[in-house]
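[1] pasting the sequence and the predicted model now:
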Amino acid sequence: MLIFEKSREGREISLLPICDVPEVMLSPQFHRNMVLRLPEISENDLSRHYSEIGEKTYGVNQGAYPLGSCTMKYNPKINEELAGLTGFTEIHPLQKEDTVQGCLEVLSMLEKYLCEITGMTHFTMQPAAGAHGELTGLLMIKAFHHKRGDTKRTKIIIPDSAHGTNPASATMAGFETVTVPSDKDGGVDIEKLKEAIGNDTAGLMLTNPNTLGLFDKNIMEITNMIHDCGGINYYDGANLNAVMGIARPGDMGFDVIHVNLHKTFSAPHGGGGPGSGPVGCKKFLSEFLPSVRSEEEKGKFCFVKAENAIGEMKSFYGNFLVVVRALAYLMTLGREGVLQASEYAVLNANYMFHKLKDLYPPAYDRSCMHEFVFSLEKLKKETGVSALDIAKAMLDKGIHPPTMYFPLIVHEALMFEPTETESKETMDDMVQILRDLYEEAHTTPDILCNAPITTSVGRLNEVEAARNPILRYQSNDEKGAI
Amino acid sequence: MGSYVPSTDLERREMLSALGMHSEKELFEDISPQVRLKEELCLPKGMSELEVRRNIMGLANKNKVFSSVFRGAGAYRHFIPAIVKSVTSKESLLTAYTPYQPEISQGILQSIFEYQTMICELTGMDVSNASVYDGATAAAESIMMCQERKRSKVFISRTVNPFVLETVQTYCFGKNLELIIIPEQNGVTNLSFIENNVDAATACVYIQQPNFYGSFEDGEKIGELVHSAGAKYIMGVNPISLGIAKTPREYGADIAVGEGQPLGLPLSFGGPYLGFMATVDSMKRKLPGRIVGQTKDLNGKIGYVLTLQAREQHIRREKSSSNICSNEALCALAAGVYLSAMGESGLRKVAVQSMSKAHYLAERLGELGYRLVNKKEFFNEFVSESPKPISEVMNLLESRGILGGFPLRGENEGKILWCCTEMNSKDDIDELIRILQGV
C-alpha cells in the first residue's frame, strides 16, 4: 500500500517547537494557492511503512549479487559509521578553509591513493557518479584541443562493447561517436580502429578489462595509435576492480580516467545512488580539471583551482561522504589488500566461469578477468528458455541475477561478477543453482518461463508501463476530477 | 592489513587447482609484461578497523562544527527528524543496486514512486524523475531538455546561485550552446533585458525563485515574457519555500528543478545532495534519468518498474536524453521520509519559521547598521551591508561558535548573505546580535 493511502487527515508527528519570533507571512502575490497533499501519518505507521519497503528490497546485505559491471562487493560497516561522524555531516561547504582542515585532508588523502592505484597525477573528487566523470573527462579533452586551436577534433571512438554511458557522455560533451567493432577475441578490432582514426579524432574511450571481462591484449598498440594521431585516451574505470596493484591505466597509455567509488571502493549503491566518480589525469591535462582541489602547503590544506579549469560540474566538491567511505576502505586494505582484492576478484570469477562453462557457452572462450559473459542463445533455441527466464528463476532461488542482455554484442547475454568478497561456498551454491536451472530448462521449461513465483510480485508488464505511464499516485477523487 | 576477502588459503589453492593453476599470476597472463606493475604499489600498509577508526575520527575532529549557523547560499541546516536516518540506514535499501530486477526491488521502486508523487505535489508539476546529482546538475539537465533545432540560445539570470550558473556554463560548453546571462537590477532579474533579448532562437530561460539573495522574482511576468517568445520557462526552487510559496506550475513554468538537500539531508561538506526535476506531461519523455511507473504483474497485482527507458543511455546510447545512470536514490528516499514525517502542516511550519526568523534577524541587524539590501520581499535569506570589515565580523563570530552569513564576492563584495532556518532560535539570534554589538 502506498504511503498516501495510509494517510489520515489530522495525523501528524510533533517535530517543531512553536515559533519564538513574530510570524511573518508572504504577501498574496507570492503565496501558494495549490493544495499540497503530503501524507498525514503517525510516526509508528511511518516507521512500519519503511520497514516494509526495506523488506521488499534486496541488497548486498541480503545475499549474493553477481551483477556484472557493477562490482557489488560487501559494503563495510565501519565506513558507514565514519561517514556519519558529525565532524563531517555538520560541516557547511562554504566554511573558511581553516575550519575544514579535516575535510580537505580527506580529499587530499584519497587523491593520493587513487593517483598511485591508477598511475595518474591529479584527481578531482567533484563528479557525482561514473557517467558524470565521463562527461568531466571528455570536457577536459575538448578544452585541451580547443586551447591548441585544434577545434576540428569532433569525434570520440568507442568500441561496440562499451557501456551506454560512454556514447551518451560523448554526445553531452558535443562529440560525435564513432563505434568500432570487437574482433573475434572480444578485443578492439585493430584494423577497424585504424580506419576510424583520423585528424578529426578527439580521443578514445575504453574500458579495460572490457565489458566482456577480457583484458585487451593489444592495449599498448591501441593507445599508441590514438596518441600518434593526436588523440587522448580516456579510461572508463568501471572495471578497475580487476587490475588494482597489477596494472595501471596510466601505464597502459591512458591520459584521463574516472573511477567509481561505489563500485571498486566499496561505497554502497543506495538503490541507485549516490555514487562518486572522481576523475584523474596525467600532468598535461591537470590545468583543465574542474572546480578546486585540496593541496597541502606548509602543513595546511587549501583549495587550489586549475589554471584553465573547465568550470564547475556540480555544486561544491563532490559527494564528500562517499569519499570518506572510500578513504576508510583504502586505509583498511592498504597496498597488500588492494592487490589481494583484485586477485580474488579475478580468481573468483574464473572459478565460477570454469564450473559453469561446460553448460553455458562463454561468449568468448578465454580466461576472464573479474567478470564473464555467457550466451544463452543455444539454450533458448533448444528449450525456449531465455536469459531473462534463467535470471528470473534465480530470484526464486534467493540470489540476485547477473546483468542481462549486456553487452549488446552478445545474444542472450548473462554477465556475472561475483567480486572478491563472496566465499567459495556462496559461489559453489550459485554454481549448483545455475547447473540445476540448466537441467530444469530442459525438463520443466514452463516453470522457468513463469518464474519468479516466490517474490512479492510476479513478472511485471513493462510494455504497459511505458505505453500508459502512471508516474505518480492520484487518489480516486483526483482521478475522478480529470 | 585489513581485508574483506573470506577465502582461506586452503580454499584459494582449491580454486586454483580447479583451474589447473598453481598461482594467481597465471590468471593475469593476458596482461603483457609491458604494462604489468613491476613492483608493489606505493601505498601505506593496511590497517585494522580500530586504527582506521582512530585515524578518520582524528580527521573529523580537525573540522569545526558550529553550534549556530546563519549561512545558507545553497546548503541549508534544517532540522532532520530522527526517522530519516533510521530509514536510510536500513541495510537492504543502503546496499541495493539500481532496481533492474523489479520483482525483488518493489520496496525501493515504491519509495521512488512515492518520492516522484511528493515532488509533483510540491512543485505542482505533472511528472518527476527519480533524481539527479544535485540542484546545479538538475538545472543543467533541465536546460538540455529544451533544445530544439531552431532554438539554441539559453538565458539564465545572474541572480541564480553561482554554482548553478557555473555548472550550466560547463554543460553549455559541452553542447556548444550559446549562454546569455540576464543582468540583475536591484537584486532581481532585469525584466526589460528579457523582453528585449529573448527571441525565436531562444530555447529556454532559467530563473531561481526565491533567488540567490533570497528575494522573490516577478515569476509571473517573467513567464509571460518567456512564453510570448515561444521559449521554455525553467524555474529553480527551494523546496522548503514551497510549503508556503507559489508553485512553479502557478507561475506557468514548464520545468521545475531544485536542490533537495533541505529535505532531510545533512550539510556534509557539500554532498551527497539531491537534484529534483519535474515537468509538464507533454515534456515527460525529455526528462533525464530513471523514472518509476506503476504497472501490474501477470496476476493483475499492482507493482512498480523503471519505465520510459527508451530515453536512457543503456538503450539509446548516443541518442539518449542524458548520460545519467547512477542518481541519488538514497537521498531521494531521505526526502520522501522527510516529507512524509513533516506532512503539509510540518513543511508549512518549517517554511514560516525559517522566513520569520530571517525577518527578525534582518530587523535586529538593521538596528546595528547592517542595512538590509533586498528591495523585494524575501524568504529565509537576505543581503545586508556590513558597517565593519567582514573578516573581523566573521572571525569574532567564529570564535564564539557561530557561523555567520556568507561574505558575497564580485560586484557584491562587502555585503553579507544571511540565512535563517527553524534551527536558529530567538536566543541564538539575540546572542548573535549581542556579539555584533561588541565589534
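    Looks like it arrived, so ask away.
[2] residue ranges in chain A under the pLDDT threshold?
    Filtered on pLDDT under 70, chain A yields the residue ranges A:480-482.
[3] hmm, residue A:22 is touching residue B:360, no?
    Yes: between residue A:22 and residue B:360 there is a contact under Cβ atoms under 8 Å: 6.8 Å. In this view, the C-beta of every residue, glycine as well, is placed from N, C-alpha and C.
[4] the two - which one has more neighbours?
    Of the pair residue A:22 and residue B:360, residue B:360 is the one with more neighbours under other Cβ atoms under 10 Å in any protein chain shown, namely 22 against 11.
[5] residues touching that one, list them.
    A:21-22, B:420, B:426, B:429 (Cβ atoms under 8 Å, 6 or more residues apart in numbering or on different chains).
[6] residue of the stretch 1-150 of chain A nearest chain B, please.
    residue A:87 (2.8 Å; Cβ to the nearest Cβ).
[7] which stretches in the stretch 301-450 of chain A count as strands?
    A:372-375, A:403-404, A:413-416 (DSSP state E, counting those that start in this stretch).
[8] tell me what the second one is packed against?
    What it means is strand A:403-404. helix A:387-396, strand A:413-416 (3 or more Cβ pairs under 8 Å, 6 or more residues apart in numbering or on different chains; DSSP states H and E).
[9] equivalent analysis for the last one, please.
    The contact analysis (3+ Cβ pairs under 8 Å, 6+ apart) places strand A:413-416 against helix A:320-356, strand A:372-375, helix A:387-396, strand A:403-404.
[10] the first one now?
    Under the contact criterion of 3+ Cβ pairs under 8 Å, 6+ apart, the helices and strands touching strand A:372-375 comprise helix A:320-356, strand A:413-416.
[11] dump it to PDB, restricted to CA.
    The C-alpha trace of strand A:372-375 is given here as PDB (Å, rounded to 0.1, in the frame of the first residue of the first chain):
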ATOM      1  CA  PHE A 372      32.500 -13.200 -17.600                       C
ATOM      2  CA  VAL A 373      29.700 -13.400 -20.100                       C
ATOM      3  CA  PHE A 374      27.700 -16.400 -21.300                       C
ATOM      4  CA  SER A 375      25.500 -16.500 -24.300                       C
END
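[12] now it, how far from the centre of its chain.
    20 Å (Cα atoms, centre = their mean, to the nearest Å).
[13] ok, whichever residue of the stretch 51-200 of chain B sits closest to chain A - how many residues close by?
    Proximity of the stretch 51-200 of chain B to chain A (Cβ to the nearest Cβ) peaks at residue B:60, 2.8 Å away. Around residue B:60 there are 22 other residues, counting by other Cβ under 10 Å.
[14] now do the SS call for it.
    Here residue B:60 is helix, with the state taken from DSSP: H, G, I helix; E, B strand; the rest coil.
[15] check contacts around it.
    A:82, A:85-88, A:102.
[16] excluding residues flanking it in the chain, which one is nearest residue A:239?
    residue A:209 (5.0 Å; Cβ to Cβ, 6 or more residues apart in numbering or on different chains).
[17] if I look at that neighbour, how far off is residue B:108?
    29 Å (Cβ to Cβ, to the nearest Å).
[18] compare those two (neighbour count), which wins?
    Between residue A:209 and residue B:108, residue B:108 has the larger neighbour count (other Cβ under 10 Å), namely 32 against 26.
[19] Provide a list of residues in contact with the more buried one.
    With Cβ under 8 Å, 6+ apart, residue B:108 has these contacts: A:53, A:57, A:271-272, B:93, B:96, B:99, B:329, B:333.
[20] rewinding a little: so can I have TSV of the helices and strands packed on strand A:403-404 showing mean neighbour count?
    What follows is the helices and strands packed on strand A:403-404, written out as TSV (neighbours: other Cβ atoms under 10 Å in any protein chain shown):
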stretch	mean neighbour count
helix A:387-396	23
strand A:413-416	25
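[21] out of these, flag the one nearest residue A:239.
    strand A:413-416 (11.2 Å; Cβ to Cβ).
[22] just give the number of residues close to residue A:37.
    Quick note: residue A:37 (other Cβ under 10 Å) scores 18 neighbours.
[23] let me see the domain layout of the chain.
    No chain specified, so I'll use chain A. Per automatic domain parsing, the structural domains of chain A span A:3-55, A:78-333, A:341-465.
[24] that's the wrong chain, I wanted chain B
    In terms of domains, chain B is parsed into B:68-79+B:343-437, B:82-337 (source: automatic domain parsing).
[25] my guess is residue A:455 meets residue B:103, correct?
    Yes: using Cβ under 8 Å, residue A:455 makes contact with residue B:103 at a distance of 4.0 Å.
[26] give me phi/psi at residue B:415?
    phi -110, psi 160 (degrees, to the nearest 10).
[27] let's verify residue A:113: helix, strand, or coil?
    Residue A:113 ends up helix, using three-state DSSP.
[28] ok, and the closest non-adjacent residue to it?
    residue A:330 (4.6 Å).
[29] returning to what we had before: in CSV: the contacts of residue B:60, plus secondary structure and distance to residue A:228.
    Formatted as CSV, the contacts of residue B:60 follow (DSSP: H, G, I helix; E, B strand; the rest coil; distance: Cβ to Cβ, whole Å):
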residue, secondary structure, distance to residue A:228
A:82, helix, 46
A:85, coil, 49
A:86, helix, 53
A:87, helix, 50
A:88, helix, 46
A:102, helix, 45
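[30] any of the residues you listed buried? List them.
    A:82, A:85, A:87-88, A:102 (16 or more other Cβ atoms under 10 Å in any protein chain shown).
[31] as a check, name the ranges of all helices in the stretch 51-200 of chain B.
    B:82-88, B:91-95, B:106-123, B:135-144, B:162-175, B:191-197 (DSSP state H, counting those that start in this stretch).
[32] okay, the first one in PDB with CA atoms only?
    Taking only C-alpha atoms (Å, rounded to 0.1, in the frame of the first residue of the first chain), the coordinates of helix B:82-88 have been written out as PDB:
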ATOM      1  CA  ALA B  82      15.300  11.000  13.700                       C
ATOM      2  CA  ILE B  83      13.200   8.700  11.500                       C
ATOM      3  CA  VAL B  84      15.100   9.900   8.300                       C
ATOM      4  CA  LYS B  85      18.400   8.400   9.300                       C
ATOM      5  CA  SER B  86      16.700   5.300  10.700                       C
ATOM      6  CA  VAL B  87      15.200   4.600   7.300                       C
ATOM      7  CA  THR B  88      18.200   5.500   5.200                       C
END
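[33] burial of residue A:364, as a residue count?
    17.
[34] if we can go back for a sec, from the contacts of residue B:108, which is closest to residue A:422?
    residue B:96 (16.7 Å).
[35] can you point out the buried residues in stretch B:378-396?
    By 16+ other Cβ under 10 Å, the buried positions in stretch B:378-396 come out as B:378-384, B:386, B:390, B:393-394, B:396.
[36] stretch B:141-159 now?
    Quick answer for stretch B:141-159 (16+ other Cβ under 10 Å): B:141-146, B:151-159.
[37] ditto for stretch B:82-97
    B:83-84, B:87-88, B:90-97.
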